[in-house]
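Q: Provided below are the primary sequence and the corresponding predicted coordinates.
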Amino acid sequence: MRPSWSIRIQEHDVVREQIALSWQRSASSGLAPGHSLQQSSLRDVDRRSRLLAAANPIIDRMESVLQGSGYCVLLADRDARLVDLRFGTRKLRDAVFGVGAVVGRSFTEQASGTNSISTSFELRKPLAVRGDEHYIESMKGFSCYGYPLIHPVTKHIEGVLDITYLAAEDNPLLRPMLAHAAHDIQGRLLEETRSGEQRLFQAFQHASAQRRGAPVVAIADELLLENTSAAKLVDSVDHAALRSLTDDSIRRSGVVEKVVLSSGARATIRWERPVSGAGIVIEIDIQEQPPRTMTAAATVRPLCVLGEPGTGKSTTLARMTASRNPHWFDAGDIVVSTPADWLGSIQKQLTAGADVVVENVHLTDGPVAHRLHALMASTRSWFALSSSTRDTTEPEHRRLLSLCTETIELAPLRSRRHEIPDLVRVIMAEIESRAHFTSTAMSALIDYDWPGNIGELRAEVIDAASRRTIGDITEHDLVRPRNRSITSRMSALDAAMRDAIVHELARLGGNKRTTAEALGISRTTLYKRMKELGIH
C-alpha cells in the first residue's frame, strides 16, 4: 500500500519537490491532514528577547506599509514558535486566529505540517507555500512567503519572518519586500549581539570585582568569559552543564543551585541575565564541606522512595539502608512465585524482627497490597518501600504508602540534566574505563531526554566505553542521543502526551491495557503513540 502522503501528492497536477518532501516529513511525524493547530499547547513568549528587540522596528515598518491590505506579518523564533503577528485587516486577523495561529503556538513541521514558517525553518531557505500546498487542510485557504533569519555571526537560525494572505491575494512584490525586511532584521541582530556582548562583558567585570576574584563565568552563544579562579575550577564539560541548567526557561535567575563540577568539587551557583537573550553571568562558590549524606543510621522511620523507572530507587535504598543489612523483596518476583509464598517470606522476616525493603509495591494487585499493608502496620520492625508514584488509583496502594513517614521523591533525569556529567564520571569510574567523553559528546548526553532515566544513561555510557576503550568518546560514538529527533523536536503537546504515557506506564507497572484505559484511548492508539514518541 502506498503511504498516504504519496497518494495526496498525486492528487495535484504539479507539486514542487521540496513541498512533497515536507509532506512526507509531516506524515512521518504522525501528523494528520485534519489536525487542528488549536490542539497544540501555548507557551509564554519573552517580549524582551534579542530577536524581538531586533525585529520590532522592522515589523512596525511592514505593518504601516500593509495597513488596510489583506496581508499579515508573522514572526517565529529559533524554536519555530510564533512570537509576533501584525494584521492589515480585521478580516484576515480573524481568519488567521481561526486556524489557531496565535502568539506562543509551535510552527514546526511536526506541529503544523507544510507551511512557509515550518518548512523555511526546516530547510533554512526562503520558501513560498500556496493554498493547496499546505499539508494541514484548515490552512489551504492561505498562501505565504517565509524567510529564515540567520544570525550573521553564529550562523544559527534565529527565527522566520513570514507574510501570509488569503490564497487569492498574491502579489509578486511581496517577496522582495520580505527579503529586504529579513536582511534588515539580520543586520540589527548583529548590532544587538555586539551591544549585548559589550554589556555582558561589563556585567562580568562588575561581578568579578564585587566578588574580589572569586569564580565568575559569563556565557553567551559565541562568547565565554571566566576569571582566573574560574578557569582553574571549571572545564568545557562544566560549561555544557552550566548552559543546560540556566537555559531551562522554568528556572529563574538569582536562584542558588547545587552542582558537582567535573573535578568532583561540590559547589553552589547563582546566575543573572544582565542582557535579555544575550547571555548569563554565573557566580560559583565552592562548599568547604560536601553536602551531608543521609545514612541509614539517621533513618529510623519507615521510608518510601518514589520515582520513574530508572531514576535510581534501588541505588538510593541501598545507600540509605547500608548499615542495616535488611532483607530485600521485589513485588516483581510474584510472577515467579505465588502471592501467598511471597507474603509469607516477608512475614517471616518481620516476625523475626529483621529490617525489610520491599521494592516496586505498585506492581502488587489490590488484595496483595491490602495484606502487605496489614503486615507493615502491625510490625515493630523497620521497613522501606519503593514505588513508581504516590499518585495511584488503587486505594490499597495509597494506604500502604501512607505508612511511610519519610519520603524521598526522585526527579526524572530530564529535569536535572546538570547532574549528567557527574553521573557519567561515576559510571566511568565504576567500569574502570580509561576513555573520556569530549565536551561535544557530553553536550549530546545533556541534551537528550533519557526516557529510561539513569538506567538508560548507564547503558549508553557502558556501551560507548565498550566501543572505545581508550581515548576520546565523541558524539559519533553515541547511539541514543544521535537518534534524539523524536524528543528534541516534538511539540509541547507531544511532550506533555509523552510525559503522561510514561507516568501512567510507570504507575501501572507497564501494563499497556490498563494504561490505555486510564488515558481514555485504545491499546492500538497507545502502541502507535509510544512508537511515535520514542517510548520503549
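A: Great, that's in hand.
Q: need the longest helix for the protein.
A: In the chain, assigned by DSSP state H, the helix with the most residues is helix 174-210.
Q: list the buried ones in that helix?
A: By neighbour count with 16 or more other Cβ atoms under 10 Å, helix 174-210 contains the buried residues 174, 177-178, 181-182, 184-186, 188-189, 192-193, 196-197, 200-201, 203-204, 207-208. For the C-beta atoms, the positions are set from N, CA and C on the backbone; glycine is no exception.
Q: can you give me the mean pLDDT across that helix?
A: The average pLDDT within helix 174-210 is 82.
Q: then stretch 261-273?
A: pLDDT averaged over stretch 261-273 gives 80.
Q: now do that stretch: distance to the chain's middle.
A: The chain centre lies 22 Å from the centre of stretch 261-273; the measure is Cα atoms, centre = their mean, to the nearest Å.
Q: now do stretch 23-37
A: 22 Å.
Q: cool, stretch 64-81 as well?
A: Stretch 64-81 sits 28 Å away from the centroid of its parent chain (Cα atoms, centre = their mean).
Q: what residues sit buried inside it?
A: Buried-residue list, stretch 64-81, by 16+ other Cβ under 10 Å: 66, 70-78, 80-81.
Q: equivalent analysis for stretch 317-333, please.
A: 317, 320-321, 324, 326-327, 329, 331.
Q: skipping its backbone neighbours, what lies nearest Cys404 in space?
A: In this structure, Cys404 finds its nearest non-sequential neighbour in Cys304, 3.5 Å apart by Cβ to Cβ, 6 or more residues apart in numbering.
Q: helix, strand, or coil at that neighbour?
A: When classified by DSSP: H, G, I helix; E, B strand; the rest coil, Cys304 comes out as strand.
Q: let's have the chain start at 42 instead
A: New numbering, starting at 42: the last item is Cys345.
Q: tally of neighbours for Ser147?
A: 24 (other Cβ atoms under 10 Å).
Q: next up, the contacts around Ser184.
A: 169-172, 205-208, 210-211 (Cβ atoms under 8 Å, 6 or more residues apart in numbering).
Q: repeat that for 7 Å
A: 170-172, 206, 208, 211 (Cβ atoms under 7 Å, 6 or more residues apart in numbering).
Q: the strands in the stretch 142-291 of the chain, which residues?
A: 168-170, 183-191, 198-207, 257-261, 264-267 (DSSP state E, counting those that start in this stretch).
Q: quick one, whichever strand or helix holds Ile99 and strand 183-191 angle?
A: Element membership of Ile99, judged by DSSP states H and E, is helix 91-107. Between helix 91-107 and strand 183-191, the angle comes out at 140 degrees (axes from the mean of the first three to the mean of the last three Cα atoms, to 10 degrees).
Q: could you give the angle of helix 91-107 to helix 215-251?
A: Going by the same axes, to 10 degrees, helix 91-107 makes 150 degrees with helix 215-251.
Q: who touches helix 91-107?
A: So helix 91-107 is contacted by 114, 116, 118, 124-125, 127, 129, 199-200, 222, 225-226, 229-230, 233, 237, 317-319 (Cβ under 7 Å, 6+ apart).
Q: show me what counts as buried in it.
A: Applying 16+ other Cβ under 10 Å to helix 91-107 flags 91-96, 99-100, 103-104, 107 as buried.
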